[in-house]
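In: prediction below, plus the sequence it came from.
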Number of protein chains: 2
Amino acid sequence: MRVGVIGLGAMGMGAAKSCLRAGLETTGCDLRDSARAEFAGAGGSACASPADLPPGLEAVLLLVVNAAQTEAALFGPEGCAGRLAPGAVVISSATMSPADAARLAETTAGHGLLYLDAPVSGGAAKAAAGEMTVMASGDPVAFAKAEPVLAAVATKVWRLGDRPGIGATVKVVHQLLAGVHIAVAAEAMSLGIRAGADPRQLYEVVTSAAGNSWMFENRMARVLEGDDAPRSAVDIFVKDLGLVAELARSLDHPVPLASQAQQLFTAASAMGHGRADDGFVIRVWQALTGIPLPGRDDPA
Amino acid sequence: MRVGVIGLGAMGMGAAKSCLRAGLETTGCDLRDSARAEFAGAGGSACASPADLPPGLEAVLLLVVNAAQTEAALFGPEGCAGRLAPGAVVISSATMSPADAARLAETTAGHGLLYLDAPVSGGAAKAAAGEMTVMASGDPVAFAKAEPVLAAVATKVWRLGDRPGIGATVKVVHQLLAGVHIAVAAEAMSLGIRAGADPRQLYEVVTSAAGNSWMFENRMARVLEGDDAPRSAVDIFVKDLGLVAELARSLDHPVPLASQAQQLFTAASAMGHGRADDGFVIRVWQALTGIPLPGRDDPA
């Protein structure tokens, strides 16, 4: 099978290499020279523009930032939709609103192509291992056509229904939880430090008790190490909690906790920490209260 | 060892029975006839007032609602402090502010008694099995004296330092996380239902992904079953998030997410759901949006 992967970022690079490992003839597409060089070094073909993908691909996996980039890569002046094989499948994996997913699915169908609404989770390490989770919805024919690619990049594919938009809905709701869990992890850790608790002991107690979350355990470990290299950046949650707010408003559904969390990530971004690892939203509380953080802020 | 357990509620009954099982000579104390009858049926002694506990007890474990009840049970007109053996240990396990814990420790020392700041977690099932988690701080002599009781009721005892108040701090920070995780679980589940996702599928996706929390997994299972019998009630989190706000204010530390969550539990309580299981804070969103909930609200 001949496949294109558009967007060789934290998730896309791992997915593209996983396709190669699975024996798919894979071309990666990214504007950045360094990303193309890395993928070529792994044995793949690479191009800078979707318009330069080889003609007649049977599947294209899009792991770009948002709906606008997805739309441009498919249908823009440099888009690839016109060069795909008839009946090829578009696997749309950027996090976007259900409304955008439904709209893109319709445009894609108009080009005689199949569409799978297929946002992913798992982080860069899981993507590199071909072990992503995919939250997908779409026509069974689109699922069938996408199967070799899904098998290459994911260990778990949720089949959430026949209608594009359900996958996007579940992903956006998932991001509501993920974003609030990261922000409240930071709020709690900061309060504990301010109150004189030992941060590592607090971490151990919480992670062994009912107050734990996947995000507390994962992100506060990085905060305690003082390691702010972004695996997932603060600005991703400014964006994704914006999608939560957009979906909620469209449904007349209040989301007070998600809205508050978005303001906290926005504050961190305003302070210049938009590209820091998302757990470093804790710097908002540090700026307000002067708490010491472990690592470089802490002479001990 | 002769022990008293004051408060035979969800946690205290399990702890008192665990003391009996461990061979400690245990008297349970509770105002409610039904609780005393249950404990007597399990082979323990029972009394209605702390003033009626047998004289000369070497340890008393307090599992009442808050600092005021703890203080009354020890030092009020019906208090037991004057009847304990000299050098007995007071194991104070109600969730309270660090300031109250430090104050009670000082008063206790003034009576020639030892004090262990020892809040617990784990829920009623773990308490019944003698498998609570204890987050404790206090003098090593108090830890040593309390050892037979702690061994009877807990599988994990965190030793968080020599100063009473650290245990309370860690518990209050833990409750910040627990309370926000429950409220955001409800917010996300409600939004997902409103957006047309299947609630059970949404639950399965989230609990297998990075958006999971201990509380989402535990409490939303009950919401999906329509089972609102209280294991931990909405009003507990109105109270505990109040302790979070009190601690945070005393330290000049903002807690926007905890404050928002407390307002949501308060709203659920205002609607008459204060004694419902805490995950049923989701009824706030139901009241606002009209979403159907599984179980009795859902004809399907």
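Out: In hand now; what should we look at? Numbers count the residues shown, from 1 in each chain, chains lettered A, B, ... in the order given.
In: doesn't residue A:222 make contact with residue A:228?
Out: Yes - distance between residue A:228 and residue A:222: 7.2 Å, which falls inside the contact criterion (Cβ atoms under 8 Å). Backbone N, C-alpha and C define where each C-beta goes, glycine included.
In: need the overlap of contacts for those two.
Out: Common neighbours of residue A:228 and residue A:222, counting by Cβ atoms under 8 Å, 6 or more residues apart in numbering or on different chains, are residue A:277.
In: residues from the stretch 201-300 of chain A in reach of chain B?
Out: Within the stretch 201-300 of chain A, the positions lying close to chain B (Cβ under 8 Å from any Cβ of the partner chain) are A:201-202, A:204-206, A:208-216, A:218, A:244, A:247-248, A:251-258, A:260-261, A:263-264, A:285, A:288-289.
In: switch the cut-off to 7 Å
Out: Counting by Cβ under 7 Å from any Cβ of the partner chain, the stretch 201-300 of chain A comes close to chain B at A:201-202, A:205-206, A:208-216, A:247-248, A:251-258, A:260-261, A:264, A:288-289.
In: for the residue nearest to residue A:201 when sequence neighbours are not counted, give me the pLDDT.
Out: Among residues not flanking residue A:201 along the chain, residue B:160 sits closest, at 6.0 Å (Cβ to Cβ, 6 or more residues apart in numbering or on different chains). Note on residue B:160: pLDDT of 97.
In: for residue B:160, which residues are in contact?
Out: Residue B:160 makes contact with A:201, B:135, B:136, B:137, B:166, B:167, B:170, according to Cβ atoms under 7 Å, 6 or more residues apart in numbering or on different chains.
In: let's go with 6 Å and repeat that
Out: By Cβ atoms under 6 Å, 6 or more residues apart in numbering or on different chains, the contact set of residue B:160 is A:201, B:137, B:166, B:167, B:170.
In: export those as JSON lines, with columns for secondary structure.
Out: Listed next are the contacts of residue B:160 as JSON lines, based on DSSP: H, G, I helix; E, B strand; the rest coil:
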{"residue": "A:201", "secondary structure": "helix"}
{"residue": "B:137", "secondary structure": "strand"}
{"residue": "B:166", "secondary structure": "helix"}
{"residue": "B:167", "secondary structure": "helix"}
{"residue": "B:170", "secondary structure": "helix"}
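In: and which of those is nearest to residue A:31?
Out: Using Cβ to Cβ, residue A:201 comes nearest to residue A:31 of the contacts of residue B:160, at 45.7 Å.
In: can you count the residues close to the closest one?
Out: If you count neighbours by other Cβ atoms under 10 Å in any protein chain shown, residue A:201 ends up with 17.
In: worst-scoring helix or strand of chain A, pLDDT-wise?
Out: helix A:123-128 (a mean of 92; mean pLDDT, DSSP states H and E).
In: list the buried residues in that one.
Out: Within helix A:123-128, the residues scored as buried using 16 or more other Cβ atoms under 10 Å in any protein chain shown are A:123, A:124, A:126, A:127, A:128.
In: name the residues that touch stretch A:54-68?
Out: Residues outside stretch A:54-68 that contact it (Cβ under 6 Å, 6+ apart) are A:1-7, A:11-12, A:15, A:27, A:70, A:73, A:83-85, A:88-94, A:96, A:100, A:149.
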